[in-house]
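> below: sequence and its predicted model.
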Amino acid sequence: MRKLIEEVFASQLANPILDSNADAITLPALTGDLMMSVDGFTVKPLEFPGGNIGSLAIHGTVNDLAVSGAIAKYLSLSAIIEEGLELRTLQRIVHAMAEAAKESGVLIVCGDTKVVPRGDGSGVYFTTTGIGVRKCEFSIGLKNIISGDQILVSGPVGDHGTAIMLAREQFGLNADVQSDSANVIELCKALYDLPGLRFMRDPTRGGLATVLHEINRATKLGIRMHQVNIPVRDTVNTVCEMLGYDPLYLACEGRVVAVVSEDDAEQALSLWRALPQGGDSQIIGEVDSSISQVVLETPLGGERILEELEDDPLPRIC
């Protein structure tokens, strides 16, 4: 275990704070409101087009903080490794984790490693806890949303879910679909100073539609979406049509859904489109007090209700 920790984890995740010989570490003082987030990652397969469980664990944690208004500074890492996992696979995963942490500007400062018997796991599971800093008195949340607010998404939806689905090789399909797994820090920071920013969320498990239902349930306000404005890649649409999935319910791992006042919506869109990650961002709908449900306007002028997801269409996706 000592050799595994030193040669696989500590060597690649090394930083001035990490001490693999200590039971606890001291964090330098941070200025601002401290925020904390915890998440577990059990994705199958461990490696997929566009990333792996290691990079996904970093992105998922820093993104949860970013959409809450905080910039991640420190992470803890717990690894549950199944006996028999190839060392080369684990090394690739940890290398991707180290690269994602570097790109996100976050330090992994402590961790724990356990090994479970063969058959009691699925290769490796990760649990991460993130600590970030938010400006004092910065406040966004579902409680701020009012009728007339505009809903934006930072890029095409359904990429991650579709990439995982194809990587499982259950359907005999080949398509050039990459996971969108990435940190969304710059997308979030671009909107922090907008006075009309109400709420942000990364549409992971359950996808875009589930975020809309969270807004609907919390505010008791309806949501009107315009299908022609929702960005979905042609390949994702094709795969979903063939297999009976709806991309609006598939996970994204590098997108942001934002709710912004009507007055600031166009400025928010311009700020996003000026970033490499936000070139395909769109205003996709609005909060509407005249309706009570999540309604999708179709390209033909009809309407359909987007029902709340009752079951996870693709388990073990993040």
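Sure thing, it's come through. Numbers count the residues shown, from 1 in each chain.
> list the buried residues for the helix or strand in which Phe126 is found?
Taking DSSP states H and E as the definition, one finds Phe126 inside strand 124-134. Neighbour-count burial for strand 124-134, counted by 16 or more other Cβ atoms under 10 Å, picks out 124-128, 130-134. Quick note: C-beta positions are derived from backbone N, CA and C, even for glycine.
> how about those in TSV, adding pLDDT?
TSV is the format used below for the buried residues of strand 124-134 (pLDDT from 0 to 100):
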residue	pLDDT
Val124	97
Tyr125	97
Phe126	98
Thr127	98
Thr128	98
Gly130	98
Ile131	98
Gly132	97
Val133	97
Arg134	95
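> need those residues in a markdown table with distance to Gly279, can you?
Converted to a markdown table, the buried residues of strand 124-134 look like this (distance: Cβ to Cβ, whole Å):
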| residue | distance to Gly279 |
| --- | --- |
| Val124 | 34 |
| Tyr125 | 34 |
| Phe126 | 31 |
| Thr127 | 34 |
| Thr128 | 29 |
| Gly130 | 27 |
| Ile131 | 31 |
| Gly132 | 26 |
| Val133 | 29 |
| Arg134 | 27 |
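> what sits against Lys135?
32-33, 69, 192 (Cβ atoms under 8 Å, 6 or more residues apart in numbering).
> should've said Ser37
For Ser37, the contact set (Cβ under 8 Å, 6+ apart) comprises 61, 64-65, 68, 129-130, 132.
> now stretch 192-209: buried residues?
Quick answer for stretch 192-209 (16+ other Cβ under 10 Å): 194, 196-209.
> give the pairing partners of the strand holding Phe126; include direction for each.
strand 33-41 (antiparallel), strand 70-82 (antiparallel) (DSSP bridges).
> which helix is the longest one in this structure?
If you go by DSSP state H, the chain has its longest helix at helix 87-104.
> farthest pair in the buried residues of stretch 192-209?
Greatest spacing in these, by Cβ to Cβ: Gly196 and Arg205 (28.0 Å).
> circling back: please identify the most buried of the strands paired with strand 124-134.
Per-stretch averages of neighbours, counted by mean count of other Cβ atoms under 10 Å, single out strand 70-82 among the strands paired with strand 124-134, with a mean of 21.
> compute the inter-axis angle for it and helix 87-104.
Interaxial angle, strand 70-82 versus helix 87-104 (axes from the mean of the first three to the mean of the last three Cα atoms, to 10 degrees): 170 degrees.
> so which elements touch whichever strand or helix holds Ile283?
For Ile283, the host element (DSSP H and E) is strand 282-288. For strand 282-288, the packing partners by 3 or more Cβ pairs under 8 Å, 6 or more residues apart in numbering; DSSP states H and E come out as strand 150-153, helix 207-219, strand 222-226, helix 265-273.
> which other residues reach the first one?
Applying Cβ under 8 Å, 6+ apart, the contact partners of strand 150-153 are 203, 208, 212, 223, 225, 230-231, 255-262, 265, 268-269, 272, 281-287.
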